[in-house]
Structure formats: C-alpha cells, structure tokens
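# fold the stuff below for me.
(2 chains, ligands or ions: 2)
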Amino acid sequence: MDLAVTAHELTKRFDDFVAVNGIDLEIRSGETFALLGPNGAGKTSTMRMVSTVSPPTSGALTILGMDAATHGREIRGRLGVIPQEDQLDADLTVYENLTTYARYFGQSWSEAKQNATELLEFAQLTDRADTRVETMSGGMRRRLTIARALVNTPDLVLLDEPTTGLDPQARQLLWDRLYELKERGVTQLLTTHYMDEAEQLADRLVIMDGGEIVASGTPSSLIAESTTAEVLELRLADDQTLSHDLPFRTEVLRNRVLIYADDGAAALRHIRDLGVEPNSSLIRRSTLEDVFLARTGRQLVD
Amino acid sequence: MTSVSPRPSSVWHVVEHHAVQTRRTLQTVLLSGFLSPVFTMLALGWGIGSQVDDVSSLGTPDYLHFVGPGVMIGTATLQGGFSSLWQALAALRWEGMYKNVVRSPATFTDAMTGRLVWMGILNALSSVAFLTVLLIAIGWSGFGALLTPFIAGLTAMSAAAGVLAFTSRKESGDGFSVVARLVLTPLFVFSGTFSSIDTLPSAIATVIKFFPTYHGIEVARDLINERAELVPSLLHVAVILAWIAVGWALSFGGFRKALTS
Ligand SMILES: Nc1ncnc2c1ncn2[C@@H]1O[C@H](COP(=O)(O)OP(=O)(O)O)[C@@H](O)[C@H]1O
Ligand SMILES: [Mg+2]
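Ligands and ions are numbered 1, 2, ... in the order given. As a prediction, the model looks like this:
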C-alpha cells in the first residue's frame, strides 16, 4: 500500500514541555485522515512537523517517500499547507496572493497567472480577484488560504482546523471544496476539534489528547468499539439526582446526563419506571464526541 | 531542515515578493527614499553652501559635492535601519509573510537573505534617482559616480542587517524608538554627512568609524569627487560587508526560532 505519511515515535518538546509524545501515524495515499482532539492536544505541533517547518525533537518521519529530516525543500514543494490562522498578504489583492506564492514553487509568471485563474474558480472567488484581502469575510479568506495552498497542485494537503470560526454556511461551502479535492485523489490530513467535521470528512482518524493518540480507526469502527449505538440525553431538575444503580454506562456532565444504551427508548422507559421524570430527554446516535468522552473522561469542546 | 544555507532561486522569490508588496506603498517609498533626501541635499548644498566661504578644508569644489554623497548614504542607513524595525517585525511575526515563505520550498535563511537583498536593491534604485538629481546639480564628474548607488545599496543592507539582529529576537516593538532615535538618527547626522568627522570629539569620531555609514560616505564622496583609490575604498567596503555578514549571522537564531520552532 502506498503511504503518504509515516511517523514513528514522533515527538515534539518545547523546553521541558512535551507537546507531542511519541505518536505513530500511517496515512495512505488518497485518503482523508483526521487528527481529532481538544485545544492543546498537540495537533498543530504535529502538523508543523509533517509540513517540515518544525523539526521533530525525536522520531522518524517520512513524507511522500522522502525523509523529512533531509528533504525539506523537496517535500514542501509537493505539499499544500493550510495553517490554523490565515496568513494572507493583507496589502495584496486576492489574485496577487496566489501569483506571488506560486513563484516560490518555481512557476513562471505566466504559469502562475494561469493557475491563479483556475484556483479562483475553484475557490469561488473569481469575482473577487482584484479585491484587497483586508476587505474580505472570514469564509472568503479561508477559501483563499486553501486556494493559495493549492498553487503547486500538491499531492498531500495539510489543513489545520480548516473551519474553526466559520459560520455554518461558510463551513459547508468549504467542506464541498474538500470533497472535490478528495475526488481528485488528493491525500488530505486535517485537524479538527469538531467531531462532526471528522465524521463528515475523514476516512480514518486518530483521537489525540495530551500529545498522545488515544484511539484510532474509521469513524464507524471507533464508535462501534467505544460506545453504544444510541445515547439518551437527560436534563434533570435542580433537585433531581439519578443515584440509582443503572444497567447502563452514564456520564454526568455540567447540565445533562448521558446514558449509553443500544436502545435509547428502552433506557428511557427503564428510568421512568424508577420514578425519575426528567425535564427533557433526547435520543440520538453515538458520535465521536462520545468516543472521546469514553476514552478520556472529558468533553472534546467545553 | 538540515540545509540552512540560502538557495539563490528562493532568495530571489522573497525579493520579488517584497517588490510586489512595495508597489502598493510606492508613494511613501519614493517620498522617504528619494524626494526627502533630495530636498535635504539641495537645501543644504545651495542654502548653507552659499554661506560657506571657505570650502578648502572639505577637499571638495563646493559644499554640494560634499553633502550630496553624505545625504545619499545617510539616507540609505536610515531607510535600511528603519526597515528592520516595525516592518521586519510585522513580516516575521504579526502578518506572517515569512511564515508562508517557510511553507514553500524556501527556508528561513532564504527569507532573511531575501529581505536584506531587497533592501539593498530598493535603496540602490532610489539612489540612482538621487544621483541623477545630484549630477544635474553638480555636473558630470566621471564614471566613478555611477558606483555610488551600489555603495548606497550595500550600506542600506548593512544597517538593515545590524538592526535585524536586534529585531529578530523581539516579539514586540519595545525599544524600537530608542534604536531609531539614539542609533539611526545620530548615524545619519554624525557620520561625516554634513561636516567632516574631524570636527567631532575624537572619542565620538572613533565610535562613528566602527559603524558602516561613515565608510559608505567616505567611498561615495571619493567616487563623486573622482579621487577614490582602490585599496582604501576596498577597506571601507569590507567594513560594510562585515556588518552585513555579522548582522545576518546574529539574525539567524531569531529567525529560526520565530519561524521553525
Ligand atoms: N512554540 C511553542 N512553545 C511552547 N509551547 C508550545 C508551543 N507551541 C505549542 N505549545 C504547547 O504545546 C501544546 C500543544 O499545542 P498545539 O500543538 O498547538 O495543540 P492543538 O493544535 O491541538 O491545540 C499546548 O499546550 C501549547 O501551549
Ligand atoms: Mg492547533
């Protein structure tokens, strides 16, 4: 099998602080792979190492068949990197942002211009070509950042929290663009702290916490392994408690109680039979959020 | 990651990137790099110069021949030095220009080097414009004068490199105005720009000779007045080049930390 990225015991330390603690990764060519984890999990530090910008403290890292420690320039020439924060040239136009960046990848000005025109189409920014970045919305900036990362038609695209801070509409538009990239066969490695984003986009993922990988697999296998098919969410009145011994795994969160049962409706009947009448109840299917809670005892997003 | 030596093609891409950005601020660049020094030179050369009866101690035919090259190189020092304060900090930290650069095949040393080369080119170009006005005012003096924009470019690079060594380690602009007021402005004024450094107290004159501006002015003045000699000129240029090399080396750690940690 063709691997786009292999990492073995990859570690990043900042002074005494261990941000990434010896993780192993294998990302296959053509797949979309996600690092899911809360803030501080070590996702950005991992991405910076994979983008060959930040040297690992220790561990082995092979990207597109080349050793990251010795072939940084060659590897970066075939990567597209979308950082967590947009770092666009605010003084330049949308079009100039693309053309000047393409030059770094050895393209002639005419190639760069040709490319920019196509990428503006892809990013749905054609009518903005001559706009200065300063005046654009967050969603447009994000799409431009992605377009700019694609100037070299990369084989591997790295996206660090691609939709954080975007409204639902802008987010959906961006997801559509990422699907299209996937259909073109581009390998994608993305980080997110949104479980729905990982479920929507990723073929496979790892869950990171405290610099370590706590679980890995496909979204459905992770859910099947770590949690029940359904979850019953209850909101109780202030004076109510659920101190009974229940035949289900329960998690008591700040403002709700989660009851893990393959049949949520049966679980709700069971609780009512005990004489507990919750203020409200909701039955939903399990998500990666529940997987994270099961594995770490904490919530992904507070 | 292992190779940290700059690569010419990548350095050139950084230069181009700066050039595209500068197009947006061309008015400011022209004003501070060309028009303002031209006014300074003409006001002093014609204004004060007409009051100076005895120019024999200056060793030049008139005051304009003296102050013209001084203002050219002094301006290059100011422009180069200033460019390494807020602008450099923005490119390195706030706006992230160089953070994008290191995600391409270019490296942090390409970014540093490209920045300095661009400052050299920009100041050489504005000095060409300045020189044109100077030559119109004093008349053609010989081909040596045509080398002065090159000296101005190198002096700008040396000031930019020296200040960059300071800025590359900083996360905010604290101390920038001190550098501007207590280092760059005095260098512009006291490096033999407006009067010979022999008129300064000897301790100050010694300090001034440590900095590149004085050496740039000496060479440029000799070239404009057709009295440059090879060995002394090369020694002056060597001091300027040493400043570029040392400034580059001292900026290395700050750039590496800011861009690749
Ligand atoms: N340059 C740095 N210096 C010191 N600590 C850092 C640096 N970058 C990240 N960290 C720390 O490493 C941890 C992981 O950060 P990061 O990789 O950004 O996580 P994530 O992207 O998952 O939020 C955090 O605790 C962060 O404070
Ligand atoms: Mg992050």
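# and the closest residue to chain A within the stretch 101-250 of chain B, how many neighbours?
Minimum separation of the stretch 101-250 of chain B from chain A (Cβ to the nearest Cβ) falls at B:Ser104, amounting to 3.6 Å. Every residue, glycine included, has its C-beta placed from N, CA and C. Counted with other Cβ atoms under 10 Å in any protein chain shown, the neighbours of B:Ser104 add up to 24.
# which residue is the nearest non-sequential neighbour of it?
Beyond its immediate neighbours in the sequence, the residue positioned closest to B:Ser104 (Cβ to Cβ, 6 or more residues apart in numbering or on different chains) is A:Tyr104, lying 3.6 Å away.
# return the distance of that neighbour relative to ligand 2.
Distance, A:Tyr104 to ligand 2, by Cβ to the ion, to the nearest Å: 24 Å.
# again with A:Glu277
Distance, A:Glu277 to ligand 2, by Cβ to the ion: 43 Å.
# before we move on, what about B:Val207?
Here B:Val207 is placed at a distance of 48 Å from ligand 2 (Cβ to the ion).
# likewise B:Phe108?
Between B:Phe108 and ligand 2 the distance, using Cβ to the ion, works out to 21 Å.
# interface residues of the stretch 151-261 of chain B facing ligand 1?
Residues of the stretch 151-261 of chain B lying close to ligand 1 by Cβ under 6 Å from any ligand atom are B:Ser261.
# who are the neighbours in contact with the residue of the stretch 201-302 of chain A found nearest chain B?
As assessed by Cβ to the nearest Cβ, chain B sits closest to A:Gly211 within the stretch 201-302 of chain A, at 16.0 Å. Taking Cβ atoms under 8 Å, 6 or more residues apart in numbering or on different chains as the contact definition, A:Gly211 lies against A:Lys12, A:Val18, A:Ala19, A:Val20, A:Asn21, A:Ile23, A:Ala41, A:Gly42, A:Ser45.
# show the pLDDT at it.
The score at A:Gly211 is 98. That number is its pLDDT.
# which parts of the stretch 51-200 of chain B are helices?
B:63-82, B:88-89, B:97-101, B:108-138, B:148-167, B:176-179, B:185-190 (DSSP state H, counting those that start in this stretch).
# mind listing what's buried in the fifth one?
Of the residues in helix B:148-167, those buried by neighbour count under the rule 16 or more other Cβ atoms under 10 Å in any protein chain shown are B:148-167.
# list the contacts for residue 103?
I'll assume chain A. Contacts of A:Arg103 were listed using Cβ under 8 Å, 6+ apart, and they are A:Trp109, A:Ala112, B:His13, B:Glu16, B:His17.
# sorry, should have said chain B
B:Arg103 touches A:Ser51, A:Val53, A:Arg76, A:Leu79, A:Val81, A:Pro83, counting by Cβ under 8 Å, 6+ apart.
# against B:Ser83, how distant is it?
Taking Cβ to Cβ, to the nearest Å as the measure, B:Arg103 and B:Ser83 are separated by 24 Å.
# which elements pack onto the longest helix anywhere in chain A?
Here the longest helix in chain A is taken by residue count, with DSSP state H as the criterion, and it is helix A:168-183. If you count contacts as 3 or more Cβ pairs under 8 Å, 6 or more residues apart in numbering or on different chains; DSSP states H and E, helix A:168-183 packs onto helix A:138-149, strand A:187-192, helix A:195-201.
# tell me the most buried of these?
With neighbours defined by mean count of other Cβ atoms under 10 Å in any protein chain shown, none of these is more surrounded on average than strand A:187-192, at a mean of 25.
# skipping adjacent residues, who's closest to A:Met208 in space?
Nearest non-adjacent residue to A:Met208, counting by Cβ to Cβ, 6+ apart: A:Gly37, 3.6 Å away.
# tell me the contacts of the closest residue to ligand 2 within chain A?
Chain A approaches ligand 2 most closely through A:Thr44 (3.2 Å), counting by Cβ to the ion. If a contact means Cβ under 8 Å, 6+ apart, then A:Thr44 has A:Gln84, A:Asp160, A:Thr191 as its contacts.
# low-confidence ranges in the stretch 51-200 of chain B?
By pLDDT under 70, the low-scoring segments of the stretch 51-200 of chain B are B:53-54.
# find the closest residue to chain A in it.
Of the residues in the stretch 51-200 of chain B, the one nearest chain A is B:Gly96, at a distance of 3.1 Å by Cβ to the nearest Cβ.
# residues contacting the residue nearest to that residue when sequence neighbours are not counted?
Distances taken as Cβ to Cβ, 6+ apart place A:Gln87 nearest to B:Gly96, at 3.1 Å, with adjacent residues excluded. A:Gln87 sits next to A:Thr145, B:Glu95, B:Gly96, B:Met97, B:Lys99, B:Asn100 when contact means Cβ under 8 Å, 6+ apart.
# re the thing from before, chain B is nearest to which of the helices and strands packed on helix A:168-183?
Nearest of the helices and strands packed on helix A:168-183 to chain B, taken as Cβ to the nearest Cβ: helix A:138-149 at 8.0 Å.
# output the contacting helices and strands for that closest one.
On the basis of 3+ Cβ pairs under 8 Å, 6+ apart, helix A:138-149 makes packing contacts with strand A:79-82, helix A:94-103, helix A:109-122, helix A:168-183.
# send me the helix or strand just after it as CSV with only the CA atoms.
Following the chain from helix A:138-149 toward its C-terminal end, the next helix or strand by DSSP states H and E is strand A:156-160. Included here for strand A:156-160 are C-alpha records, laid out as CSV according to Å, rounded to 0.1, in the frame of the first residue of the first chain:
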residue,chain,number,x,y,z
LEU,A,156,-0.7,16.0,0.1
VAL,A,157,-2.8,18.8,1.6
LEU,A,158,-2.5,19.6,5.3
LEU,A,159,-5.4,21.5,6.9
ASP,A,160,-5.1,22.7,10.4
